[in-house]
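Visitor: one predicted model, sequence on top.
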Amino acid sequence: MGLRFETRRSDSPWVDTVWTCTSEQVTAMTSVAGVRLGLVFWRQDGQAYAGITGPETRTGTAPVPEGAAFTGVEFAVGTSLRAVATPALVDGGIGLPDTTCRTFRLDGSRFETPGPDDAEALVGRLVRAGIVVRDPLVAEVLRGHRPTLSGRTVERRFRAATGLTRGAVRQIERARTAARLLSAGDRAADVVTELDYFDEPHLARALRCYVGRTAGQLREGAGGAIALEVDQRLTS
């Protein structure tokens, strides 16, 4: 019994991952900081719900509706929604009204609720409708390109698209990668070297701030349910 959280990578340039989650006898989980905007759909007790999730700048505790089944879409960094400014969604989110078991409403239009296998098809429809947009500058900057714009302009556009600074995105992504490596059994010393942390205390501070686990807890699978992209059963 617990929380089963599974993810798969997407080949869509608009989508980073698609995830599913089911809960049994779990009422709360540790949320992990993240840099992406997302859509989430879930059912509980015969009712359907949908929402938009924003980037999270720190770890925390999130409630888990017991007996619920979720499907989520995490967009690529820099992808946003036309109707909602991403900075307004940081460390929060909004529910979508008028959701049924088959459809949901977004930006004034109604769409079929996706399953994990047709999430990319939904995103394609949202892109064609102009509801999902992106700033190509963000992807260029993340790939290491140096645009011919002032640093202030780049930072302003980066914040507008992601809700975060470039430094915050790097730190959060590095901590999430460290958590995945540790969960897979890597030693803390090896993670420090691979991800260029200064030392193990530096890694420990990042994990405490962004992941809510120690290196030992991640290696041992201890500490309760956690929203981390690993294909395993996480128990409370």
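Guide: Received the coordinates, thanks.

Visitor: and the contacts of the helix or strand hosting residue 192?
Guide: Assigned by DSSP states H and E, residue 192 belongs to helix 188-195. Here helix 188-195 makes contact (CB atoms under 8 Å, 6 or more residues apart in numbering) with 174, 177-178, 181-182, 186, 197-200, 202-203, 215, 219. (Glycine included, C-beta is placed from N, CA and C.)

Visitor: again, 10 Å this time
Guide: 173-175, 177-182, 186-187, 197-204, 206-207, 214-216, 218-219 (CB atoms under 10 Å, 6 or more residues apart in numbering).

Visitor: out of those, which are buried?
Guide: Buried by 16 or more other CB atoms under 10 Å: 173-175, 178-182, 186, 197, 203-204, 206-207, 214-215, 218-219, out of those.

Visitor: where does this protein dip in pLDDT?
Guide: For the chain, residues meeting the criterion pLDDT under 70 lie at 1-2, 230-236.

Visitor: what separates the most far-flung residue of it relative to its centre from residue 138, distance-wise?
Guide: Most distant from the centre of the chain: residue 148, at 30.0 Å, with distances by CA atoms, centre = their mean. Plainly put, residue 148 is 16 Å away from residue 138 if you go by CB to CB, to the nearest Å.

Visitor: how about residue 40, nearest residue that isn't a chain neighbour?
Guide: In space, and not counting its chain neighbours, residue 40 is closest to residue 72: 4.3 Å by CB to CB, 6 or more residues apart in numbering.

Visitor: look up phi and psi at the one you found.
Guide: phi -130, psi 150 (degrees, to the nearest 10).

Visitor: ok, longest helix in the chain?
Guide: helix 166-183 (DSSP state H).

Visitor: that one versus helix 188-195: what angle between them?
Guide: 140 degrees (axes from the mean of the first three to the mean of the last three CA atoms, to 10 degrees).

Visitor: all the strands of the protein, in order from the start?
Guide: For the chain, the strands defined by DSSP state E occupy 3-9, 15-23, 28-31, 38-44, 47-53, 60-63, 69-75, 79-81, 93-95, 103-106, 109-112, 132-134, 232-234.

Visitor: distance of residue 193 relative to residue 216?
Guide: For residue 193, the distance to residue 216 equals 18 Å [CB to CB].

Visitor: try residue 70
Guide: 29 Å.

Visitor: please apply the same query to residue 79.
Guide: 35 Å.

Visitor: what's the answer for residue 43, then?
Guide: Taking CB to CB, one finds residue 43 at 36 Å from residue 216.

Visitor: over to residue 227?
Guide: Taken as CB to CB, the span from residue 227 to residue 216 is 19 Å.

Visitor: do the same with residue 118
Guide: On the measure of CB to CB, residue 118 and residue 216 end up 40 Å apart.

Visitor: and for residue 173?
Guide: For residue 173, the distance to residue 216 - CB to CB - is 22 Å.

Visitor: do residue 99 as well
Guide: Distance from residue 99 to residue 216, by CB to CB: 41 Å.

Visitor: repeat for residue 66
Guide: 29 Å.

Visitor: how many neighbours does the residue lying closest to residue 98 once chain neighbours are set aside have?
Guide: Nearest-residue entry for residue 98: residue 105, 4.7 Å, with adjacent residues in sequence omitted and distances by CB to CB, 6+ apart. When neighbours are defined as other CB atoms under 10 Å, residue 105 has 14 of them.
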